[in-house]
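Colleague: Sequence and predicted model, in that order:
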Amino acid sequence: MRGAWAERWSLLLAAVVVGVATLLASAVPVAIGRTADDAVRDAVTRAGTDATVVVNAPFEEEDPSQRLRVSRTAAILDQDASLARFQLGPALAAAFRPPVPALRSTLLQVTGGGPGRTFRLAYVGGARVAWVAGGPPAAAVPAAAAGDVVPPDSGPWPVQVALSQPVAAALGVGPGDRVPVRDPRGQALDVRVSGVFRPLDAADPGWGTAPLLAGGATTAGLLSADSVPDARLALNPDEVTPTVTFTPEPSRLRSRDAEPFAAAIVALKASSGTEEASFFRWQSGLDGVLRDAQARIVAATAQADVLLVGLVVSAALMLLLAADLLVRRRTPVLATLRERGASLPQLGAGLVGESAVVALVGAAAGRAAGLWTVPVLVVAVLATPGFGLWAAARATPARRVPANRTARRSAARTRQLRRAAGELAVVLLAVGAFAALVQRGAQGVLPAAAPTLGAVVGALVVLRLLPAGVAFGLARALRSPRSLPVLGAARAAATSTRALPLLVLVVPTALLAVALAVRGTEGDRPLEEGLRRLASVSAVVLLVLAALGVVLAAATTAPARAVTLARLRTLGLRPRDARLVAAGELLPPVLAGAIAGTALGVLLAHLAVARVVGHAVTVPWTAALPIPLLALTATLVVATESRGRLAQTLRAGTA
């Protein structure tokens, strides 16, 4: 329409609201997804060894009648590692680092080292070390005799091990020395030190299979691929435990993989000892770690959905109020066009085209994407045409108020019934949302909308009670000997009972308290920190929307207020008194809405947010900030309006 340029600031405001709303609605799900990935990685990292998968891979049973040195022991361990990785499956195996085949002995008693000193023999496949003294452990027999049967009376079989620097210092031994240890049966073992090493990467998870690096009460000696057959021969079969350890790589984990990976781990543990699992025994706490992380992600996503629904609904209400203001300013033009023969479809097409341009500009600025942006765009496109067609239809002479009193009463009753039916529908929807929230938590759009619907119901209750409060204030003002309270109360009674401005004021104010409750109940980790940032941004946006609601609501009634005050000034009302009358009109409903919204938000935080997070919540004192800030906004609006020229206002009012 040609009048679009005249309303460019209103249209620009609508485009900005659309842009901000679509930006948040598009970015929040993506940010929550990324934060959820970080949460899974953080949980796995914090779990440490609890998140590893350990496979007990027992050797084949040996012939008890003979002692055989199995030279392929290291190769068998490598084969078990490959088979275990295959059984993980390609998707799950890709989330782990290369498997670490290992073997460790039972605890051996250190003799002469004080009570409680123990020692293990341990093999770690792929261990990388630098030699400080000596060299790697060697086989006890030449390669030609590596697989021979050992005579039963050969005595303790010699085993070479390497020691880390702390372990060598704790035991007081070096290359060429023997480690004085006995097996569980009390028999002395022939354990010889081949060298002393330091690890090239002490953080390698393979070192966690045995206390190879620390020199505490329990220490261990490192076997090589050549000496591990000797360790197996020196001890009984039940005194060595071969394992394969899988350590997850956090950077390869995604939140979407948490549930299927946990289910796969549970299935592997359930298959332990069966023929299908090659008698592997799977042990891991990774499934519990992933499911705990997934539960936290679900709870955080539910809270994000609560905030996102509130933002979308608040933005939609703001767009409705902006559309209402725009149409009120254009009502004379629409009425004139209608009287000149313009059809409703023609007017609607022009308004839809204009609104579509505004919505597209805002959506492009906000990079709209995802389903959450759809409600905002639908309201942005249809709000102005809807209000415009309604105004144009009412401007038709045939649709004006009937002269018959009975007909007017019937029309009024019809409007009241329609309003009551609409309010009842909202109440029932809110009850259903809270029931769903109690039964299954905030998973889904309806339960997540419970706080927002509760805020809408609260605003409707305030709207029902406000006329009585305004009437009470007007009655008290009529008893005053001064005229200013009467004028202010009369203006408030005439303008404060409109539904849309009160909804735009109460709903964002209440949801701001909900957002602050979410922000104040979360902790030091990635998921919670991301939710805190979202809650902070939501609180700021909601406060800005509430302030804009005050400005737009005041702008809607500004022409009539300006004419009234200008005429009163011609009768002798001073400019200062005119400002007081305007403040008396604007401040009471703003304060009432802000106070009611804050109280309602605190109630909703304890009823709904506590249900979502699973524990009691704390609403910070900053939830009360909208009360003074919105009152200050209304005061600034009054001060701005008072700068208008009296003659211009009178000409506008008599035009």
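Modeller: In hand now; what should we look at? Residues are numbered from 1 along each chain as shown.
Colleague: Pull the distance from the helix or strand containing L307 to the chain's centre.
Modeller: The secondary structure element spanning L307 is helix 286-339 (assigned by DSSP states H and E). Between the mean C-alpha location of helix 286-339 and the chain-wide mean there is a distance of 17 Å, by CA atoms, centre = their mean, to the nearest Å.
Colleague: The stretch 351-500 of the chain: helices as residue ranges?
Modeller: Secondary structure of the stretch 351-500 of the chain (DSSP state H, counting those that start in this stretch): helices located at 373-394, 405-440, 445-448, 450-478, 484-495, 499-520.
Colleague: now R198, what's its secondary structure?
Modeller: Under DSSP: H, G, I helix; E, B strand; the rest coil, R198 falls in the strand class.
Colleague: residues touching it, list them.
Modeller: For R198, the contacting residues are 129-130, 132, 164-165, by CB atoms under 8 Å, 6 or more residues apart in numbering. Just so you know, the C-beta spots here come from the backbone N, C-alpha and C atoms, and that holds for glycine as well.
Colleague: now do 10 Å
Modeller: Contacts for R198 were tallied using CB atoms under 10 Å, 6 or more residues apart in numbering; they are 129-132, 164-166, 213.
Colleague: Pipe these into JSON lines and attach secondary structure per row.
Modeller: Written out in JSON lines, the entries for the contacts of R198 read as follows (three-state DSSP):
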{"residue": "V129", "secondary structure": "strand"}
{"residue": "A130", "secondary structure": "strand"}
{"residue": "W131", "secondary structure": "strand"}
{"residue": "V132", "secondary structure": "strand"}
{"residue": "S164", "secondary structure": "strand"}
{"residue": "Q165", "secondary structure": "helix"}
{"residue": "P166", "secondary structure": "helix"}
{"residue": "L213", "secondary structure": "coil"}
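Colleague: who wins for most neighbours among the residues you listed?
Modeller: Among the contacts of R198, S164 has the most neighbours (other CB atoms under 10 Å), with 25 neighbours.
Colleague: For L630, see how far away it is.
Modeller: Applying CB to CB, to the nearest Å, the value for S164 to L630 is 68 Å.
Colleague: just A39 next, same as before
Modeller: From A39 to L630 the distance is 36 Å (CB to CB).
Colleague: again with A468
Modeller: When distance is defined by CB to CB, A468 is 22 Å away from L630.
Colleague: So those two - more neighbours on which side?
Modeller: L630 (26 against 9).
Colleague: I figured that one hits A624, correct?
Modeller: No - under the contact definition of CB atoms under 10 Å, L630 does not touch A624, with a separation of 11.0 Å.
Colleague: which residues are common contacts for these two?
Modeller: With CB under 10 Å, 6+ apart, L630 and A624 have common neighbours 509, 594-595, 598.
Colleague: Going by neighbour count, which of those are buried?
Modeller: If you count burial by 16 or more other CB atoms under 10 Å, the buried members of those come out as 509, 594-595, 598.
Colleague: Which two among the residues you listed are spaced furthest apart?
Modeller: For those, with distances taken as CB to CB, the pair at the greatest spread is T509 and I595 (8.8 Å).
Colleague: Need the overlap of contacts for these two.
Modeller: Joint contacts of T509 and I595 (CB under 10 Å, 6+ apart) are 624, 626-627, 630.
Colleague: now that we have the residues you listed, which one has the most neighbours?
Modeller: Neighbour counts for the shared contacts of T509 and I595, by other CB under 10 Å, peak at P626, which reaches 28 neighbours.
Colleague: Am I right that it is in contact with A634?
Modeller: No - distance between P626 and A634: 11.8 Å, which falls outside the contact criterion (CB under 10 Å).
Colleague: between those two, what contacts are shared?
Modeller: Applying CB under 10 Å, 6+ apart, one finds that P626 and A634 are jointly contacted by 547, 590, 594.
Colleague: Which member of the residues you listed is positioned nearest P29?
Modeller: Using CB to CB, A547 is the member of these that lies nearest P29, at 26.9 Å.
Colleague: how close does that closest one get to P628?
Modeller: From A547 over to P628 the distance is 12 Å, taken as CB to CB.
Colleague: and if you look at A391?
Modeller: From A391 over to P628 the distance is 36 Å, taken as CB to CB.
Colleague: G221 now?
Modeller: 72 Å.
Colleague: In terms of neighbours, single out the busier of those two.
Modeller: The residue with more neighbours, out of G221 and P628, is G221; 32 against 11, by other CB under 10 Å.
Colleague: and the more buried one, that's in a helix?
Modeller: No - secondary structure of G221 (three-state DSSP): strand, not part of a helix.
Colleague: A170 is in contact with that one, correct?
Modeller: No - with contact defined as CB under 10 Å, G221 does not count as touching A170 (11.8 Å).
Colleague: where do the contact lists of those two overlap?
Modeller: Residues touching both G221 and A170 (CB under 10 Å, 6+ apart): 163-164.
Colleague: Dump the buried ones among the shared contacts of L630 and A624 to a markdown table, plus secondary structure and pLDDT.
Modeller: A markdown table is the format used below for the buried ones among the shared contacts of L630 and A624 (DSSP: H, G, I helix; E, B strand; the rest coil; pLDDT from 0 to 100):
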| residue | secondary structure | pLDDT |
| --- | --- | --- |
| T509 | helix | 94 |
| A594 | helix | 92 |
| I595 | helix | 93 |
| T598 | helix | 94 |
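Colleague: Next, format those residues as JSON lines and append distance to A47.
Modeller: Shown next, in JSON lines, are the buried ones among the shared contacts of L630 and A624 (distance: CB to CB, whole Å):
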{"residue": "T509", "distance to A47": "42"}
{"residue": "A594", "distance to A47": "46"}
{"residue": "I595", "distance to A47": "47"}
{"residue": "T598", "distance to A47": "42"}
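Colleague: Closest one to V110 out of those residues, please.
Modeller: Here the nearest of the buried ones among the shared contacts of L630 and A624 to V110, counting by CB to CB, is T598; it sits at 69.6 Å.
Colleague: can you count the residues close to A499?
Modeller: Other residues near A499 number 13, with proximity taken as other CB under 10 Å.
Colleague: ugh, typo on my part, it should be F434
Modeller: By other CB under 10 Å, 22 other residues sit near F434.
Colleague: can you pull the pLDDT of the closest residue to it other than its chain neighbours?
Modeller: Nearest in space to F434, with sequence neighbours left out and distances taken as CB to CB, 6 or more residues apart in numbering, is A450 at 4.9 Å. pLDDT, A450: 91.
Colleague: ditto for L417
Modeller: Confidence for L417, expressed as pLDDT, is 87.
Colleague: what separates it from L371, distance-wise?
Modeller: From L417 over to L371 the distance is 34 Å, taken as CB to CB.
Colleague: One more: A202?
Modeller: On the measure of CB to CB, A202 and L371 end up 49 Å apart.
Colleague: Also F59?
Modeller: To L371, F59 is 56 Å away according to CB to CB.
Colleague: likewise A391?
Modeller: Summarising the geometry, the distance separating A391 from L371, computed by CB to CB, is 32 Å.
Colleague: in the helix or strand hosting V44, what counts as buried?
Modeller: V44 is part of helix 8-47, with elements assigned from DSSP H and E. When neighbours are counted by 16+ other CB under 10 Å, the buried residues of helix 8-47 are found to be 10-11, 13-29, 31-32, 35-44, 47.
Colleague: Ok, stretch 567-578 next?
Modeller: Taking 16+ other CB under 10 Å as the neighbour-count basis, stretch 567-578 is seen to contain the buried residues 568-569, 573, 577-578.
Colleague: before we move on, the earlier item: go through the shared contacts of P626 and A634 and say which is closest to E339.
Modeller: Using CB to CB, the shared contacts of P626 and A634 come closest to E339 at V590, 37.3 Å.
Colleague: nearest residue to V54 other than its sequence neighbours?
Modeller: Among residues not flanking V54 along the chain, Q283 sits closest, at 4.7 Å (CB to CB, 6+ apart).
Colleague: Can I take it that that neighbour is in a strand?
Modeller: Yes - counting by three-state DSSP, Q283 is located in a strand.
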